[in-house]
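Colleague: Quick check, what structure comes out for this input:
(one chain, ligands or ions: 1)
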Amino acid sequence: MEAQKPTFSMKDFLKLINRVNPKKGLFLLGIILSLMTSGASLLVPQFTKTLVDTSELSKIDLNMLSILLLAFAAQLIFGTIGGFLLRYVGESAVKTLREKLWDHLLKLPVSYFDQHKSGESSSRLVNDTGVIKELVTSHFPSFITGAIQLIGSMIILFFMDWKMASIMFLAVPIVALVLFPIGKIMSKIGRQLQGATADFNAEATEKLTEIRLIKASNGEPFERKNGRTFIAKIFKLGVKDAKVEAVLQPIMMTVILGLFVGILGYGAVRVQAGTLTSGSLVAFLLYLFNILMPAATFAMFFAQVQKAMGATERIEQILATSFEPAGNGTTIDVVGQTIQARDVSFYYNEDRPVLKNISFDAYPNSVIAFAGPSGGGKTTIFALLERFYEPTGGVFAINGQNIQQLDLTDWRAQIGYVSQDSAVFAGSIRENLQYGLGRTLSDEELWHGLALAYADAFVSNFPQKLETEIGERGVKLSGGQKQRIAIARAFLRNPKILMLDEATASLDSQSEEKVQRALDQLMEGRTTLVIAHRLSTIVDADQIYFIEQGEVTGHGTHHELLKTHPLYASYVNEQMVN
Ligand SMILES: Nc1ncnc2c1ncn2[C@@H]1O[C@H](COP(=O)(O)OP(=O)(O)OP(=O)(O)O)[C@@H](O)[C@H]1O
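Modeller: The predicted model follows:
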């Protein structure tokens, strides 16, 4: 992700905040309390002035003292409650934003994830929302209260003594002159830093997931260098940031000290001349604090606003991407129904067609096998049936109904997909078996499923049995074991349509036999579509479709095709195992 220049659009930001429906009442209360805190902080110097100007201890007005104490207490209490309320509103707004974004991400079509790295999406979900949270919960409230303090103090000072105030106001353009460019540089660096960190995050996540490939290919030196490029970029930006901050700090200190000395010096002369009370001088200095403290945070606020604009833009991009089409809610029981493909065409990229006018009928309780050279488009047919993508031409229909119109959840619930690499999650065997079922299965049911998949023996050999953790992507299981867990999961889902992508990786003959037996059993009584890599599957299939470069070049039974399709015959001879 490049640190793109965000369009400075407060409107988009407010739209995003409004979209998460923040608790407006609480927010208003928080702001009012914070304003009261600012108000109290404006009063304190006035009372201090009277206190200082009281020459004798005995003359101290007790009422005055108690009002001062009250102002302190008000500042403390309102500040605490107001601060908490604003923070709470911000936290809950960001919670809603994260929930919205997460829900949205889950509903995005597979094609979105083909184009975006998962590390990038998770960085938007976690980091970008974090940036917005920072702004809403801390920088924005302190900006509002700070602005009130600053403006209020300036007005009061002017009324108190316009000559002294004028000296102070001289400092305002100086401070602005220094802060404005520095703030701009800081926000630019901040944005770049954010982008570079997100890039590093995405890169590291991706590479660590493929650690085995890196090790097996001796890729460590390359990755070491690669990682260091990212780290160096972040370091360089960090150093730049440090330089700017290092310059900013002493400048601010010098300005503050200069003003102090100036006011104190001028004030002392005026006190001695009798034109100013010492109380007024103290009050002046306190107001000076009220002005300088928020002014120092303004640069940070504007930097944060810029960052939040970038984050808003990236989040908006995700929220503006349409969901996968969920259909019109029609539900169909696919038992006993034929799945028809009619002239289905498809491309991932317009310039390269992947499927061209594919037609087939998958009859209930039969096995339809797809065979053909690698890259022909067999897996793509499955992806279209799962509705991961939409055909660019033609339809898949069931009982005359385009599957695209069916309720997506209901449709997918009727399909069992056992893929080549048997997708499993990090977690226990139990969690993996009942994933997505929406109900808790009893141990008995789980063991029954495992038994049907010939997986009960090895699971019961694990000391932790069903609670065995299988590691990220099931790395703690063997290939055959992983597949049998996936098959057991398919059994437990009891799908009406079964889609199998036979593994090409050769398992040892014993586990292969077990996997095969499990699959044979699973196919029984369902409509099965299988991408065949084994001769026995092909021979037993009711129909075979031979797919070459996205086209069906022949279909029929094994024996029919052997006779009529020379390419099929040679393919079977060369490619099929067993
Ligand atoms: N997500 C994707 N984005 C772009 N192109 C893709 C994508 N997935 C597959 N392809 C392309 O589509 C073509 C068909 O791929 P597909 O995986 O369907 O073939 P296959 O017949 O299943 O191959 P194999 O038997 O090797 O698994 C290939 O040329 C591949 O490069």
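Colleague: For the residue in the stretch 151-300 of the chain that the ligand sits nearest to, what is the enclosing helix or strand?
Modeller: Of all residues in the stretch 151-300 of the chain, Glu206 sits closest to the ligand, at 16.4 Å by C-beta to the nearest ligand atom. Any C-beta I mention is one placed from the backbone N, CA and C, and that applies to glycine too. Secondary structure assigned from DSSP states H and E places Glu206 in helix 162-209.
Colleague: Tell me the helices and strands packed up against that helix.
Modeller: helix 118-123, helix 140-160, helix 220-273, helix 278-320 (3 or more C-beta pairs under 8 Å, 6 or more residues apart in numbering; DSSP states H and E).
Colleague: Quickly note the distance from His116 to Gln317.
Modeller: 10 Å (C-beta to C-beta, to the nearest Å).
Colleague: Looking at these two, which one has more neighbours?
Modeller: His116 (18 against 11; other C-beta atoms under 10 Å).
Colleague: and Leu529, that one's in a helix?
Modeller: No: if the criterion is DSSP: H, G, I helix; E, B strand; the rest coil, then Leu529 is strand and not within a helix.
Colleague: Next up, the contacts around it.
Modeller: Counting by C-beta atoms under 8 Å, 6 or more residues apart in numbering, Leu529 makes contact with 339, 362, 368-370, 381-382, 385, 497-500.
Colleague: how much space between His559 and the ligand?
Modeller: As judged by C-beta to the nearest ligand atom, to the nearest Å, His559 and the ligand stand 23 Å apart.
Colleague: can you list the residues of this protein near the ligand?
Modeller: Counting by C-beta under 6 Å from any ligand atom, the chain comes close to the ligand at 114, 348, 354, 374-380.
Colleague: before we move on, back to that, show only the entries of the contacts of Leu529 found in strands.
Modeller: 339, 362, 368-370, 497-500 (DSSP state E).
Colleague: can these go into a markdown table with extra columns for distance to Arg412?
Modeller: A markdown table is the format used below for these (distance: C-beta to C-beta, whole Å):
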| residue | distance to Arg412 |
| --- | --- |
| Ile339 | 14 |
| Ala362 | 17 |
| Ile368 | 19 |
| Ala369 | 22 |
| Phe370 | 20 |
| Ile497 | 10 |
| Leu498 | 13 |
| Met499 | 11 |
| Leu500 | 16 |
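Colleague: which one of the residues you listed sits closest to the ligand?
Modeller: Of the ones in strands among the contacts of Leu529, the one sitting nearest to the ligand (C-beta to the nearest ligand atom) turns out to be Phe370, at 7.8 Å.
Colleague: how about a markdown table for the ones in strands among the contacts of Leu529, with pLDDT, distance to Glu390 and neighbour count added?
Modeller: What follows is those, written out as a markdown table (pLDDT from 0 to 100; distance: C-beta to C-beta, whole Å; neighbours: other C-beta atoms under 10 Å):
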| residue | pLDDT | distance to Glu390 | neighbour count |
| --- | --- | --- | --- |
| Ile339 | 89 | 16 | 20 |
| Ala362 | 88 | 19 | 23 |
| Ile368 | 92 | 22 | 20 |
| Ala369 | 91 | 25 | 27 |
| Phe370 | 92 | 20 | 26 |
| Ile497 | 89 | 18 | 22 |
| Leu498 | 87 | 22 | 22 |
| Met499 | 89 | 17 | 23 |
| Leu500 | 85 | 23 | 24 |
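Colleague: Do I have it right that the residue of the stretch 151-300 of the chain closest to the ligand meets Lys117?
Modeller: Yes: in this structure Glu206 lies within contact range of Lys117 using C-beta atoms under 8 Å: 6.5 Å.
Colleague: Which one's more surrounded, these two?
Modeller: The neighbour count for Glu206 versus Lys117, taken as other C-beta under 10 Å, is higher for Lys117 (17 against 13).
Colleague: Over to the residue at minimal distance from the centre of the chain. Which of the three states is it?
Modeller: In the chain, the centroid-proximal residue (C-alpha atoms, centre = their mean) is Leu125; its distance is 2.3 Å. Secondary structure, three-state DSSP: Leu125 is helix.
Colleague: what's the spacing between it and the ligand?
Modeller: 22 Å.
Colleague: Could you verify my assumption that that residue touches Lys100?
Modeller: No: judged on C-beta under 8 Å, Leu125 makes no contact with Lys100 at a distance of 10.4 Å.
Colleague: Between these two, which contacts overlap?
Modeller: Joint contacts of Leu125 and Lys100 (C-beta under 8 Å, 6+ apart) do not exist.
Colleague: quick revisit: which one of the ones in strands among the contacts of Leu529 sits closest to Val136?
Modeller: Nearest to Val136, judged by C-beta to C-beta, of these is Met499 at 45.9 Å.
Colleague: My read is that that closest one contacts Arg412, right?
Modeller: No: shown here, Met499 and Arg412 do not form a contact pair, counting by C-beta under 8 Å, at 11.1 Å.
Colleague: Need the residues touching each of those two.
Modeller: Glu386.
Colleague: Report the buried residues of stretch 99-112.
Modeller: 100-101, 104-105, 108-109, 112 (16 or more other C-beta atoms under 10 Å).
Colleague: Which ones among those map onto helices?
Modeller: 100-101, 104-105, 112 (DSSP state H).
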